[in-house]
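J.: model the following, please.
(one chain, ligands or ions: 1)
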Amino acid sequence: MNDDTAHIFTRCIHGGQENCEVTGAVMPPIYTSSTYAQESPGVHKGYEYSRSHNLTRYSFERAVASLENTGITEVQDASHGGFAFSSGLAATATCLEMLSTGDCLLAMDDMYGGTYRLMSLVRERSQGLKPVYVDMSDFSAVEAAFKEHQPKMVWVESPTNPTLKVSDLARIAKIADDHGAIAVTDNTFCSPILQRPLDLGMHVVMHSATKYLGGHSDVVGGVLATRVPEIAERLRFLQNSIGSVMGPFDAYLCLRGVKTLGLRMERHSNSAMKIARMLESHDKVERVVYPGLESHPQHEVASRQMSLPSGPGYGGMITMFLKGDIETARRFLETVELFALAESLGGVESLIEHPAIMTHASVPEESRAALGISDTLVRFSVGIEDPDDLMADIRRALDAC
Ligand code: P1T
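T.: Have a look, this model is predicted:
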């Protein structure tokens, strides 16, 4: 189905999908073949080698392309402007290959630690990239950085991992357009159900499919999507040339995950809102950061660019600062039971973690301090369990601190 007017929940099931012409199968087969027989050298059915062409991967790529509204449906671009990779970082690494040696990359100052590590500790050395980090929730800082550095690409995570800062994507896309830069959004925390950056003018959207798209903590993957035909052409070339493609089994799992994405995002968002309000009124808690709370510094921007089809929706991620010190945080993290202490997010089960020690350890200590990633910062990924049980678990652990 390629109907761009269909409701996003309908597109979760049917977007970019067709029943199998041979058997009528409603889910695509997992095509494991690494190669395809040719009738004569160069005469084939459009499939040569599975790194370049794989129907199971295409099915997932087309599903994401439909959800992110790429608007690309030409038959020759079987992916419809969506590209799937072996991990979120593989997607990011491939996207960065659109830049050349010496190019400036303007990036959000707070983002997943692994993205920072790739940009600064790998590509700065191997590709000669010049990353500059600014707080993009402050648009005047973005304007000043464009003037000073003339970046060729702007990379914005919104909301950010882990401090949940929100940036005005439409304004950033516009300034990138004015300067001829490629604007990319890491949309992992929202999924296309809550936020569609291409509709806001961004050129490329990236996801760690390991998180909400997959949704069940049983697959590692990544995607890029674009509606700009020239960028789609470059990404297709880079995906095949670099080769960090998503395998067919993983593509099948991700496609299966996408079918329930709408339902899950509703549940994650509604439960997280309840939990954020409960935490905000708890006396053991110093501060809660959640884009849905009126106290969030960019609540108004978040309300404008993030929503559920049924109304307000701000996702399943909550950041909390506990009163006390690292030992208080440790006791809390050791006491919760329903929330598993683990890296990652976006699965059906609730997870909890300590970014300073776990996901953001690769960010230099001074930068962590400047960003407020302190020893008492705890990050929740709210799953789809009953929210009352989750709140009871948190209250019990807070009482034990
Ligand atoms: O883990 P991988 O699929 O390679 O995705 C990297 C990535 C990219 N962008 C964001 C916003 C992310 O959160 C991640 C991965 N994050 C975690 C593993 C984490 O626990 O935060």
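
J.: would you mark the buried spots in the least confident helix or strand in the chain by mean pLDDT?
T.: The helix or strand of the chain with the lowest confidence, counting by mean pLDDT, DSSP states H and E, is helix 365-371 at a mean of 91. The neighbour-count check on helix 365-371 (16 or more other CB atoms under 10 Å) flags Ser367, Arg368, Leu371 as buried. Every residue, glycine included, has its C-beta placed from N, CA and C.

J.: what do you get for stretch 189-202?
T.: Judged by neighbour count using 16+ other CB under 10 Å, the buried positions of stretch 189-202 are 189-200, 202.

J.: following element in sequence after the least confident helix or strand of the chain, please.
T.: Elements were assigned by DSSP states H and E; along the chain past helix 365-371, the next helix or strand is strand 377-381.

J.: who's in contact with that next one?
T.: Here strand 377-381 makes contact (CB atoms under 8 Å, 6 or more residues apart in numbering) with 161-163, 272, 275, 316-322, 329, 332-333, 339, 344-347, 350-356, 359.

J.: give me the phi and psi for the closest residue to the ligand within the stretch 201-350 of the chain.
T.: Distances between the stretch 201-350 of the chain and the ligand by CB to the nearest ligand atom are smallest at Ser208, namely 3.1 Å. Main-chain torsions, Ser208, degrees, to the nearest 10: phi -80, psi 110.

J.: okay, now it: neighbour count?
T.: Using other CB atoms under 10 Å, Ser208 is surrounded by 30 other residues.

J.: for it, give me its contacts.
T.: Ser87, Gly88, Leu89, Ala91, Tyr112, Asp186, Thr188, Gly221, Gly222, Gly346.

J.: could you do Gly16 as well?
T.: Met1, Asn2, Ser59, Glu61, Arg62, Ala63, Ala65, Ser66, His80, Gly82.

J.: separate out the buried members of those residues.
T.: Asn2, Ser59, Glu61, Arg62, Ala63, Ala65, Ser66, His80, Gly82.

J.: still on that earlier bit, export the buried residues of helix 365-371 to CSV and append columns for distance to the ligand.
T.: Shown next, in CSV, are the buried residues of helix 365-371 (distance: CB to the nearest ligand atom, whole Å):
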residue, distance to the ligand
Ser367, 16
Arg368, 14
Leu371, 14
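
J.: ok, of these, which one's closest to Leu255?
T.: Leu371 (35.4 Å; CB to CB).

J.: where's Glu280 relative to Phe321, distance?
T.: Per CB to CB, to the nearest Å, Glu280 is found 11 Å from Phe321.

J.: intersection of neighbour lists for those two?
T.: Common contacts of Glu280 and Phe321 (CB under 8 Å, 6+ apart): Val288.

J.: re earlier: OK, contacts around the closest residue to the residue of the stretch 201-350 of the chain closest to the ligand other than its chain neighbours?
T.: Sequence neighbours aside, Gly88 is the residue nearest to Ser208 in space, at 2.8 Å (criterion: CB to CB, 6 or more residues apart in numbering). The contact partners of Gly88, taken as CB under 8 Å, 6+ apart, are Tyr112, Gly114, Thr188, Met206, His207, Ser208, Ala209, Thr210, Lys211, Val220, Gly221, Gly222.

J.: for Gly88, give me phi and psi.
T.: Dihedral angles phi and psi of Gly88 (degrees, to the nearest 10) take the values phi -60, psi -40.

J.: got the contact list for Arg117?
T.: Contacts of Arg117 (CB under 8 Å, 6+ apart): Ser362.

J.: a strand runs through it, doesn't it?
T.: No - read with DSSP: H, G, I helix; E, B strand; the rest coil, Arg117 is helix and lies in no strand.

J.: make 458 the starting number, not 1.
T.: Fine by me, first position is 458 from now on; the one you just mentioned is Arg574.

J.: pLDDT value on it, please?
T.: At Arg574, the model reports a pLDDT of 95.

J.: before we move on, what about Cys477?
T.: We have a pLDDT of 88 for Cys477.

J.: same thing with Asn459?
T.: Predicted confidence (pLDDT) for Asn459: 58.

J.: tell me the one of the buried residues of helix 822-828 nearest Asp595?
T.: Nearest to Asp595 among those, counting by CB to CB, is Leu828 at 13.3 Å.

J.: that older thread, which of the contacts of Gly545 fall in helices?
T.: Secondary structure defined by DSSP state H assigns Gly571 of the contacts of Gly545 to helices.
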